[in-house]
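> here is my input, please return the structure:
(2 chains)
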Amino acid sequence: MANCGAQISTPIRVPAWVSTRRLFEQKLQELHKCTDLAHVKEVHAQIIKQNLHTDLYVAPKLISAFSLCHHMKLALNVFNQVPHPNLQLYNTLIRAHVRSSQPSMAFAALLEMQQNGIFPDNFTYPFLLKACNGEPWLPVVQMIHGSLEKVDFFGDIFVPNSLIDSYSKCGALGIQSAMRLFRSMDSRDVVSWNSMIGGLVRAGDLGGARELFDEMPVRDAISWNTILDAYVKAGKMDEAFELFEKMPERNVVSWSTMVSGYSKAGDMQMARMLFDKMPTKNMVSWTILISGYAQKGLAQDAVSLYSLMEKSRLMLDSGAAVSILAACAESGLLGLGERVHASIARTRLMHHADVSNALLDMYAKCGRLKKAYEVFERMAERDVVSWNCMLQGLAIHGHGDEALKLFSRMKQQGFKPDKFTLVAVLCACTHSGFIDEGLRYFNNMEKEYRIAPDIEHYGCVIDLLGRAGRLNEAIRLVDSMPMGPNAVIWGTLLGACRMHNAAELAKQVQDHMARFEEASEHGTCSVLSNIYAAAGDWVNVANVRLQMKSAGIQKPSGASFIEVGDKVHEFTVLDMSHPDSGEVYEMVDGLVQELRLFGDPSNDHHHTY
DNA sequence: CTAGGGTTAG
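A predicted model of the protein is given here:
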């Protein structure tokens, strides 16, 4: 002690990399939530200059940042530069794969990690579980649960909470496991409760969710919003509103949930009123209402709200772009779709797989196949959804040849067709009259592509056979369906009967449909009326609609929209609201006559298969 | 790890 003051201690040498890294601390912290790729690239370049990119502290931050910008290629580059990745780096990589919705890559990384003698910790498990989203993942969740029993990381509340969340996304069986786990926990936090309640809401168990909500000791905003959403999802808007009013606090999510609920219930006035009253709006709030208008074909409202949104200095994110484009695709609002395209052109969003898929689907569904192709060809990384949207677009517009060519190209490039692909391929065959080819694809799909035929596939082939007049084969196929026919199948068959004047068979099919009608009036009535409408049987359409009305079934009739100039015109079956509707129908009848003269019986009706 | 918007079929 005595010498202390006099003594000058030897300076401790600080390695150069410590101080340079110190310079990057701030930047690295910011990188954590940065979604601007240009900025991340810039920091990356500086880091490489300092030779810090293999640093086990720096590399995870970079991987995380690149994955947040949806640039897994660069994230992987960073990972591959590190000579001896440790557990933390693997964890970061796994989370990055999960975030970019590449669950199989996440598990591949896990495998590689374990082969290198590194084993998961309490961080790894929640990341992996986050990848398990949906019923097919149940066995994986169970396996992870099993291996967790051996290592016991349950002391970390994130672990059981993640398990509850993943289980509860795996259907009815999963919910049961989630509940068992939830009940067996010694201590639960708000997240455990919220995850469990959220699971019950997803499963449509409003009663169970409410019970648990009432049982909860402490409720924060998320719990209230979850239960609010439960009422909204159940379509109980009056009860939702009551709850909304007596919530202790309402945040932007609570308001948006209400707007979404009214919009889905078709009450656009109420949705708009709440939207205008919201104290703060974010991109999701705008998206909900714009998509709501667009889905209902209210083009003017959608477009003017979109313009307002653009003025509000909020930028479209990927979710907003996908959502609005999907709504445009559904209602054929090409104009708004093009506006969205213009806003995202030359931005990062164009390189976002989900966004370009939604864009190409919008163009395809609106009949702009050339534009759809352009988007498709320019995509840096096409996934199976891109191919499916393109194939489906070609198929429904009757370009069967081109669809089948694209299908070969898809396989050539090593893409694995899925059930949607096969629906599109069969649809292409149906719409272009490729009977033998369609049958061959259908008969080989299990062997060649390992895809078990679904009801949609049966539907396509029954349509295919029916149009070709091979009614007996169609009937035999219906009888052989392992899942049994639904109303759409009967409807397809009925259409074929009418097309080929098979009155006797039509009667049998109608009897089958009548039995369906008892089971689910709503669905079949609409299907029936659509069939009659497609067959031009207006009297029966009116009858069915009247029947529905007297039974108290309200289904807004399907409407079509067409843009002429800057105006959107809407029309429905039996629509007589136009002053010249008499002439319009005369024209339609004339066209139908002409088509008949061409001798293609498939012009008689059309299904959306 | 938990709440509101979402792409391919119906």
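> give me the neighbour count for the residue of chain A found nearest DNA strand B.
Nearest residue of chain A to DNA strand B, counting by CB to the nearest atom of the strand: residue A:319, 2.5 Å away. Heads up, the C-betas are built off the backbone N, CA and C, glycines and all. Residue A:319: 13 surrounding residues under other CB atoms under 10 Å.
> now it: closest residue in space that isn't a chain neighbour?
Leaving out its chain neighbours, the residue that sits closest to residue A:319 by CB to CB, 6 or more residues apart in numbering is residue A:287, at 6.8 Å.
> per-residue pLDDT of the residue of chain A closest to DNA strand B, please?
pLDDT, residue A:319: 92.
> residue A:559 too?
48.
> now do residue A:343 against residue A:97, distance only.
Using CB to CB, to the nearest Å, residue A:343 is found at 29 Å from residue A:97.
> try residue A:432
39 Å.
> same drill for those two, tell me which one is more crowded.
residue A:97 (25 against 20).
> what does the stretch 101-250 of chain A have sitting close to DNA strand B?
Residues of the stretch 101-250 of chain A lying near DNA strand B by CB under 7 Å from any atom of the strand: A:101, A:126, A:129-130, A:157-158, A:161-162, A:165, A:190-192, A:194-195, A:198, A:221-222, A:225-226, A:229.
> just the strands in chain A please.
Along chain A, counting by DSSP state E, strands occupy A:559-564, A:567-572.
> residue A:63 reaches residue A:94, doesn't it?
No. With contacts counted by CB atoms under 8 Å, residue A:63 stays clear of residue A:94, the gap being 10.2 Å.
> for the closest residue in space to residue A:280 that isn't next to it in sequence, what are its contacts?
Beyond its immediate neighbours in the sequence, the residue positioned closest to residue A:280 (CB to CB, 6+ apart) is residue A:252, lying 5.4 Å away. Applying CB atoms under 8 Å, 6 or more residues apart in numbering, we find residue A:252 in contact with A:278, A:280, A:281, A:282, A:284, A:285.
> quick one: buried ones out of those?
Among the contacts of residue A:252, those classed as buried by 16 or more other CB atoms under 10 Å are A:278, A:281, A:284, A:285.
> narrow those residues to those in helices?
A:284, A:285 (DSSP state H).
> on that earlier part again, pull out the buried residues from the residues of the stretch 101-250 of chain A next to DNA strand B.
Here, 16+ other CB under 10 Å leaves A:126, A:129-130, A:158, A:161-162, A:165, A:191-192, A:194-195, A:198, A:222, A:225-226, A:229 buried among these.
> so which of the residues you listed is the closest to residue A:208?
Of all these, residue A:208 sits closest to residue A:198, with 11.7 Å by CB to CB.
> the residue nearest to the closest one when sequence neighbours are not counted and residue A:242, how far apart?
Once flanking residues are discounted, residue A:198 sits nearest to residue A:226: 5.2 Å by CB to CB, 6+ apart. Residue A:226 sits 16 Å away from residue A:242, going by CB to CB.
> got any ranges where the stretch 101-250 of chain A has weak pLDDT?
For the stretch 101-250 of chain A, no stretch is flagged by pLDDT under 70.
> please enumerate the helices of it.
A:103-115, A:124-131, A:138-151, A:158-168, A:171-184, A:190-202, A:206-215, A:221-233, A:237-246 (DSSP state H, counting those that start in this stretch).
> distance from stretch A:373-393 to the middle of the chain?
16 Å (CA atoms, centre = their mean, to the nearest Å).
> got the buried residues for that stretch?
A:373, A:375-376, A:379, A:382, A:385-393.
> ok, and what's touching stretch A:455-470?
A:419, A:422-423, A:426-427, A:429-430, A:433, A:435, A:438-439, A:442, A:445, A:471, A:473-474, A:477-478, A:481, A:483, A:485-486, A:488-489, A:492-493, A:495-497, A:499-500, A:601-602, A:607, A:609.
> give me the buried subset of those residues.
Looks like these have A:419, A:422-423, A:426-427, A:429-430, A:435, A:438-439, A:442, A:445, A:471, A:473-474, A:477-478, A:481, A:485-486, A:488-489, A:492-493, A:495-497, A:499-500, A:602, A:607, A:609 buried, using 16+ other CB under 10 Å.
> quick one: low-confidence parts of the stretch 401-550 of chain A?
A:516-550.
> alongside DNA strand B, which residues does it contribute?
A:418, A:419, A:420, A:423, A:424, A:454, A:456, A:459, A:488.
> repeat that for 6 Å
A:420, A:423, A:456, A:488 (CB under 6 Å from any atom of the strand).
> just these now: which is nearest residue A:305?
For these, the minimum distance to residue A:305 (CB to CB) is 31.6 Å, reached by residue A:420.
> hang on, that closest one packs against residue A:388?
Yes. With contacts counted by CB under 8 Å, residue A:420 reaches residue A:388, the gap being 4.5 Å.
> for DNA strand B, tell me which of the contacts of residue A:252 show up nearby.
Okay, of those touching DNA strand B (CB under 6 Å from any atom of the strand), that's A:282, A:284, A:285.
> what about the residue lying closest to the second one once chain neighbours are set aside, how many neighbours?
Setting aside the residues directly before and after it, residue A:284 is nearest to residue A:256 in space (CB to CB, 6+ apart), at 5.6 Å. Number of residues near residue A:256 (other CB under 10 Å) recorded here: 23.
> then the one 4 residues further on?
Applying the criterion other CB under 10 Å, we find 22 residues in the vicinity of residue A:260.
> residue contacts, it?
A:232, A:271, A:288, A:292.
> in JSON lines: those residues, plus neighbour count.
JSON lines is the format used below for the contacts of residue A:260 (neighbours: other CB atoms under 10 Å):
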{"residue": "A:232", "neighbour count": "25"}
{"residue": "A:271", "neighbour count": "22"}
{"residue": "A:288", "neighbour count": "24"}
{"residue": "A:292", "neighbour count": "25"}
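> how about residues contacting stretch A:100-110?
Looking at what lies outside stretch A:100-110 - CB under 8 Å, 6+ apart - the contacts are A:67, A:70, A:72, A:90, A:93-95, A:97-98, A:120, A:124, A:127-128, A:131-133.
> recalculate using a threshold of 10 Å.
Residues from elsewhere that reach stretch A:100-110 (CB atoms under 10 Å, 6 or more residues apart in numbering): A:66-72, A:75-76, A:79, A:85, A:90-99, A:118-120, A:124, A:127-128, A:130-134, A:137, A:140, A:353-354, A:383.
> swap in stretch A:44-59?
A:16-17, A:20-21, A:23-25, A:27-28, A:31, A:37, A:43, A:61-62, A:65-66, A:74-75, A:77-79, A:81-86, A:88-89, A:92-93.
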